[in-house]
Structure formats: structure tokens, C-alpha cells
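S.K.: just to be clear, the model below is a prediction. Sequence and coordinates:
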Amino acid sequence: MLDREELKNLPPLLTTQELAKVLGISVPFCYTLVKSKGFPSFRIGKKWIIATDKLMEWINLQTSSDENKNIRKVQ
């Protein structure tokens, strides 16, 4: 997984191999992600491409969704 400084210097487009490094996950799991509904990826020929800015938006959305699931109403 990358540190904050490396995250700031990511290229605008990532491959699945670069995505694996960024997220600290396996390449096979990256293929599962890029094929999933709502994940910001597209194909050019046989290569999957991920737009870095859309990836960050997707991560923020996932994070806020998880936070909302864990919030309990206090009455």
C-alpha cells in the first residue's frame, strides 16, 4: 500500500497492477473490482484502466457508506 505522498503523485490513469499496489490487494482481486458494478474502470482493448480521480471518489463513497452503516441513533 502507498503512503500519503505517493498517493498524491499517482498518474491520472492506473492499470490493474498499479491498482493492486495502491490498494494493497492482489491483482486477481483487482479484476473482480474492475468488473463490479459502480467501480470506476473501463477497458481499452484487453487492458482495464482506472481513472485515479474517480478511484479516490469511489473510495470516499465507500468510506462514507461504511460510516453510515455503523452509526446508531442515540435517543
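M.R.: Now that the structure is in, tell me what you want to look at.
S.K.: show me where the chain has its strands.
M.R.: For the chain, the strands defined by DSSP state E occupy 13-14, 41-44, 47-51.
S.K.: I'd like these as TSV, with mean pLDDT appended.
M.R.: Listed next are the strands of the chain as TSV, based on pLDDT from 0 to 100:
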stretch	mean pLDDT
strand 13-14	96
strand 41-44	96
strand 47-51	97
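S.K.: out of the ones you listed, nearest to residue 27?
M.R.: strand 47-51 (10.5 Å; CB to CB). Every C-beta, even on glycine, is put in place using the N, C-alpha and C of the backbone.
S.K.: the residue most central in space within the chain: what's it in contact with?
M.R.: Residue closest to the mean C-alpha point of the chain, counted by CA atoms, centre = their mean, is residue 55 at 4.4 Å. By CB atoms under 8 Å, 6 or more residues apart in numbering, residue 55 lies in contact with 14, 19, 22, 40.
S.K.: hmm, back to that, just put the strands of the chain in JSON lines and tack on distance to residue 3 and mean neighbour count.
M.R.: Formatted as JSON lines, those follow (distance: least, CB to CB, whole Å; neighbours: other CB atoms under 10 Å):
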{"stretch": "strand 13-14", "distance to residue 3": "17", "mean neighbour count": "18"}
{"stretch": "strand 41-44", "distance to residue 3": "24", "mean neighbour count": "12"}
{"stretch": "strand 47-51", "distance to residue 3": "19", "mean neighbour count": "16"}
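S.K.: got JSON lines for those strands, with distance to residue 31 too?
M.R.: What follows is the strands of the chain, written out as JSON lines (distance: least, CB to CB, whole Å):
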{"stretch": "strand 13-14", "distance to residue 31": "13"}
{"stretch": "strand 41-44", "distance to residue 31": "10"}
{"stretch": "strand 47-51", "distance to residue 31": "7"}
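S.K.: distance of residue 12 relative to residue 37?
M.R.: Using CB to CB, to the nearest Å, residue 12 is found at 23 Å from residue 37.
S.K.: more crowded one of the two?
M.R.: Legend: neighbour count by other CB atoms under 10 Å for residue 12 and residue 37, higher for residue 12 (7 against 4).
S.K.: and the closest residue in space to that one that isn't next to it in sequence, how many neighbours?
M.R.: Excluding the flanking residues, the one nearest residue 12 by CB to CB, 6 or more residues apart in numbering is residue 52, at 5.5 Å. Using other CB under 10 Å, the number of residues around residue 52 comes to 17.
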